[in-house]
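Student: 3D, please:
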Amino acid sequence: MQAYAAAAVGLEGVVVKGLASRYEPGWRGWLKVRVRHTAEAIVGAVTGSLAEPERLLLGYHDDTGALIVAGSTSPLSPRQRTTITPLLRAPRGPHPWPTEMPTGRLGHYGRDHVTVELNDLILVVEVSADNAYEHGRWRHLTRFVRVRPDLTADEVAPPADRP
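Tutor: Predicted coordinates for the structure are as follows:
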């Protein structure tokens, strides 16, 4: 997979199946192995609350300085919550994001909206994401990897659109 990812051919991954296995609608007998990479992002908000976060909502500043909603993480594990919770703070001033967002913008399927709690725009994290990144956002959920205290929000570069 490392050589495949290094080729940067623009595919999301490979499908693994048995030699005699046929596609059958509604049955998940095949496995999709996605190419993943890591990226840094600013934590702009959370689902749940700042005291009990469930997911992180991620962003970065575009060329004009606007904070773009780039996606969200999968649900945080108890250990990840323990790491991230002490670092979350309510915004100290105006925040550019609304407190309700469409789930599709966060990497979830559906047309529902979710209420979010806004975070001060200083926390940078590293996430693992697949290659399904387009139009300034991750199409699928990312995975929280670690906090990046060595970076400021101003140092977070937008991930490049993949071919």
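Student: switch to C-alpha atoms for all contacts and neighbour counts from now on
Tutor: Will do.
Student: tell me the phi and psi of the residue lying farthest from the centre of the chain?
Tutor: No residue in the chain sits farther from the centre than A20, which is 35.7 Å out by Cα atoms, centre = their mean. According to degrees, to the nearest 10, the main-chain angles of A20 amount to phi -90, psi 0.
Student: and it, what pLDDT?
Tutor: Here the pLDDT value assigned to A20 is 80.
Student: then P158?
Tutor: Among the per-residue scores, P158 shows a pLDDT of 82.
Student: contact partners for it?
Tutor: The neighbourhood of P158, defined by Cα atoms under 8 Å, 6 or more residues apart in numbering, consists of Y60, H61, D62, G136.
Student: what's the pLDDT at the last one?
Tutor: Taken from the predicted model, the pLDDT recorded for G136 is 80.
Student: what's the neighbour count on it?
Tutor: When neighbours are defined as other Cα atoms under 10 Å, G136 has 17 of them.
Student: and what of the second one?
Tutor: For H61, the count of nearby residues is 19 (other Cα under 10 Å).
Student: shaky segments in this protein?
Tutor: When residues are selected by pLDDT under 70, those of the chain lie in 1-13, 34-35, 109, 160-163.
Student: can you pull out the helices in it?
Tutor: Assigned by DSSP state H, the helices in the chain fall at 2-7, 78-84.
Student: how distant is the longest one from the center of its chain?
Tutor: Spelled out, that is helix 78-84. If you compare the mean C-alpha spot of helix 78-84 with that of the full chain, they lie 16 Å apart, counting by Cα atoms, centre = their mean, to the nearest Å.
Student: distance check, T85 against L76.
Tutor: The spacing between T85 and L76, counted by Cα to Cα, to the nearest Å, is 11 Å.
Student: who touches both of these two?
Tutor: By Cα under 8 Å, 6+ apart, T85 and L76 have these common neighbours: P53.
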